[in-house]
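[1] Okay, predicted coordinates and the sequence, questions at the end:
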Amino acid sequence: MPRSTWIQGAELIPENKPYKIDSAGRIVIPAHLRSKFNIEIGQEVDYYTTFIDDKWFMCVTKRVPEEEESEE
């Protein structure tokens, strides 16, 4: 199993399978990850990028409606 990577206090856990970008430049979020993070088809997500130690990282986050944020 590949080792996890730590960046700025966050542990990045590899999913152990590369995924290809399709011909339209889209990234598919596999079903097991959508299920794991409770992401529904058609739901909006945000992308963040950072450059650390000569590597680019991309983070995908799902949007949480404001009423759910206030409940937490």
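    Received the coordinates, thanks.

[2] List the contacts of Cys59.
    Tyr47, Tyr48, Thr49, Thr50 (C-beta atoms under 8 Å, 6 or more residues apart in numbering). The C-beta positions use only the backbone N, C-alpha and C, and glycine is treated the same way.

[3] so it bridges to which residues?
    Beta bridges link Cys59 to Tyr48, judged by DSSP bridges.

[4] Distance of it relative to Lys17?
    18 Å (C-beta to C-beta, to the nearest Å).

[5] all helices of the chain, in order?
    31-36, 66-71 (DSSP state H).

[6] Mean pLDDT lowest where, among those helices?
    Within the helices of the chain, confidence is poorest for helix 66-71, with a mean of 64 (mean pLDDT).

[7] ok so, going back, among the contacts of Cys59, who's most crowded?
    Within those, most neighbours by other C-beta atoms under 10 Å means Thr50, with 11 neighbours.

[8] so what's that residue closest to, chain neighbours aside?
    Nearest residue to Thr50, sequence neighbours excluded (C-beta to C-beta, 6 or more residues apart in numbering): Phe57, at 5.3 Å.
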